[in-house]
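*Asks:* Show me the folded form of this:
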Amino acid sequence: MLYVDDEDQLVHLVTGMMERMGYNVTGMTRPADAIDALRADPRSFDLVLSDLGMPGMSGMDLAEELLQIRPDLPIIITSGYVRSEDARRAEQIGVQDVVMKPNTVAEIGQLIRERLDALRK
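*Replies:* Have a look, this model is predicted:
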């Protein structure tokens, strides 16, 4: 799994929590690095979890770039504020879920599990 958020502390915290839940997580703070990593090995990640609001490139822009590289990649966007146009854009570009922060690690973990299980069907 790839986790992208511009806040170093949050990347460290969420990555650690997801690893304790049994997920193999790579955390990144720069969307461009996430694009480069996926481009270098499109099958290296089963799922992407990204913040919506990041400087330079939003989570939606990141998702759009990643889905051009790998259209079947499950992507979950998190945000403290989701506008209706964000939800519409997410659906248009193929983002599977947009979830509100704050959310519990258990809620995100369950959503991740559902998306990964759906890949196996």
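*Asks:* What residues are recorded as beta-bridge partners of the residue nearest to the spatial centre of the chain?
*Replies:* Nearest to the mean C-alpha position of the chain, by CA atoms, centre = their mean, lies Leu49 at 1.7 Å. Counting by DSSP bridges, Leu49 forms beta bridges with Tyr3, Ile76.
*Asks:* Surely it touches Pro74?
*Replies:* No: using CB atoms under 8 Å, Leu49 is not in contact with Pro74, being 9.4 Å away. Backbone N, C-alpha and C define where each C-beta goes, glycine included.
*Asks:* How much space separates Ala37 from Gln92?
*Replies:* From Ala37 over to Gln92 the distance is 25 Å, taken as CB to CB, to the nearest Å.
*Asks:* Okay, buried residues for the lowest-mean-pLDDT helix or strand in the chain please.
*Replies:* The helix or strand of the chain with the poorest confidence is helix 105-120; it has a mean of 78 (mean pLDDT, DSSP states H and E). Neighbour-count burial for helix 105-120 flags Ile108, Gly109, Leu111, Ile112, Arg115 (criterion: 16 or more other CB atoms under 10 Å).
*Asks:* quick one: contacts for the residue nearest to Arg43 when sequence neighbours are not counted?
*Replies:* Of all residues beyond its chain neighbours, the one nearest Arg43 is Arg70 (7.8 Å), with distances taken as CB to CB, 6 or more residues apart in numbering. Applying CB atoms under 8 Å, 6 or more residues apart in numbering, we find Arg70 in contact with Leu38, Pro42, Arg43.
*Asks:* What separation do you get for the last one and Pro31?
*Replies:* From Arg43 across to Pro31, the span is 20 Å (CB to CB).
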